[in-house]
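> I would like to see how this sequence folds:
(one chain, ligands or ions: 1)
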Amino acid sequence: MGILNITPDSFSDGGQLYRDGLPNLDNILFLAESLIKEGADLLDIGGESTRPGAGSITASEEIERVLPVVSALTARLNIPLSVDTSCPEVIEAAAAEGAAMINDVRALRRPGAIEAAAKSQLPVVLMHMLGEPQNMQQAPAYNDIVNDVLAFLSDRIIACELAGISRSKLVLDPGFGFGKTLDHNLSLFRALPKFVAPGLPVMVGLSRKRMIGDMLNKPVAERDTGSVAMALLAAQQGVSIIRVHNVGGTVDALKVLTAINR
Ligand code: 8Y4
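Okay, the predicted model is just below:
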């Protein structure tokens, strides 16, 4: 999964995809095409910044950012689009524009989100986050990180089934970096087989995150090799979807793994 960040404050793309407070569709289309050429199977489009400390935006701001992009890309590209949102209005509008998947860092806990997702009939990524982006990195604490995250996800699976979303539509994500210390993240990474075992597809996002910066003592611009290493290790443990900035490098690493496993 290639990342297409359309937040105006995204530090990964330096604001290149934004002009005068609105997404620049030509630049976004160009970047999306380059991610496809590099081998992306899926693109994740997000309009709400979930960086630690980031504030939230209104539904109409998010719709204004995301919908024109979903609409332009579905019209011009042949790749499934995942929309990174927690907002029921965005879920509904994205489904109507042809989005292929909902990626929710709040696992459909916002009021109305689970009903909107059920109505859309789209597959959904359920991600674990402790707290909210504003406060999630303020001394996150768990009883038992692995069991707590597994229990949260199984509760969300049950809530989805009760709301009419079949298990076959669900993807699980432990939510690396979302209310977690480096130790928490490493414990979760080592436990990836436990997340894979129940049989639902597992997704991870590790690309350029602080846990890699902490391990390498490197700034965000120098984390791609570490990100590829973690992507490869995640794939080897059975993870199905890997959300990355550096699609080309990750695809090369995964091709090597595929050849070895053949
Ligand atoms: C540098 C680069 C520093 C990126 C921080 C970040 C995930 C996700 C994000 C994830 C799923 C991010 C939307 C955070 N991470 N969705 N979204 N799983 N499902 N931070 O891990 O990339 S955004």
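> low-confidence stretches in the stretch 151-262 of the chain?
Under the criterion pLDDT under 70, no range of the stretch 151-262 of the chain is flagged.
> please name the residues that touch the closest residue to residue 247 other than its chain neighbours.
The shortest distance from residue 247 to any non-neighbouring residue, by CB to CB, 6 or more residues apart in numbering, is to residue 38 (4.0 Å). Bear in mind the C-beta positions are built from the backbone N, C-alpha and C, glycine included. When contacts are counted by CB atoms under 8 Å, 6 or more residues apart in numbering, residue 38 touches 2, 247, 248, 251.
> and with 7 Å instead?
Residues in contact with residue 38 (CB atoms under 7 Å, 6 or more residues apart in numbering) are 247, 248, 251.
> and if you look at residue 39?
247, 248, 251.
> on that earlier part again, okay, and which of the contacts of residue 38 map to strands?
Counting by DSSP state E, the contacts of residue 38 place none of their members in strands.
> between those, which is nearest the ligand?
residue 247 (14.0 Å; CB to the nearest ligand atom).
> please enumerate the strands of the chain.
So, for the chain - with DSSP E - the strands run 2-5, 18-19, 22-23, 43-46, 81-84, 101-104, 124-127, 170-173, 203-205, 241-243.
> the fifth one near the ligand anywhere?
Yes. Using CB under 6 Å from any ligand atom, a contact is recorded between strand 81-84 and the ligand, made by residue 84.
> which helices and strands does that strand pack with?
Applying 3 or more CB pairs under 7 Å, 6 or more residues apart in numbering; DSSP states H and E, we find strand 81-84 packed against strand 43-46, helix 59-76, strand 101-104.
> just say which of those is most tucked in.
Highest mean neighbour count among those (mean count of other CB atoms under 10 Å): strand 101-104, with a mean of 25.
> stretch 144-161 close to the ligand?
No. Counting by CB under 6 Å from any ligand atom, the ligand is not contacted by stretch 144-161; separation bottoms out at 11.8 Å.
> next one: that stretch to chain centre, how far?
18 Å (CA atoms, centre = their mean, to the nearest Å).
> what residues does it touch?
So stretch 144-161 is contacted by 107-108, 114, 126, 128, 142, 167, 170, 172, 174, 184, 187-188, 191, 194-195 (CB under 7 Å, 6+ apart).
> can I have the buried ones of the residues you listed as a PyMOL selection?
Per 16 or more other CB atoms under 10 Å, the buried members of those correspond to this PyMOL selection:
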select buried, resi 107+108+114+126+128+170+172+174+184+187+188+191+194+195
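> most widely separated two among the contacts of stretch 144-161?
114 and 187 (28.5 Å; CB to CB).
> which residues are contacting stretch 194-212?
3, 12, 125, 146, 150, 167, 170-174, 176-177, 182, 185, 192, 220, 223, 226-227, 230-231, 234, 237-245.
> distance check, the residue of the stretch 151-262 of the chain found nearest the ligand against residue 188.
Here the residue of the stretch 151-262 of the chain nearest the ligand is residue 205; by CB to the nearest ligand atom that distance is 2.3 Å. Using CB to CB, to the nearest Å, residue 205 is found at 12 Å from residue 188.
> need the residues touching each of these two.
With CB under 7 Å, 6+ apart as the test, residue 205 and residue 188 both reach residue 176.
> residues from the stretch 1-150 of the chain in reach of the ligand?
When proximity is defined as CB under 6 Å from any ligand atom, the stretch 1-150 of the chain approaches the ligand at 12, 46, 50, 84, 103, 105, 125, 127.
> any chance of those in CSV, plus pLDDT?
Below are these laid out as CSV (pLDDT from 0 to 100):
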residue, pLDDT
12, 52
46, 90
50, 78
84, 97
103, 98
105, 97
125, 98
127, 98
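> of these, grab the buried ones for ChimeraX.
Typed into ChimeraX, the line below selects the buried ones among these, using 16+ other CB under 10 Å:
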select :46,50,84,103,105,125,127
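> done for today, thanks.
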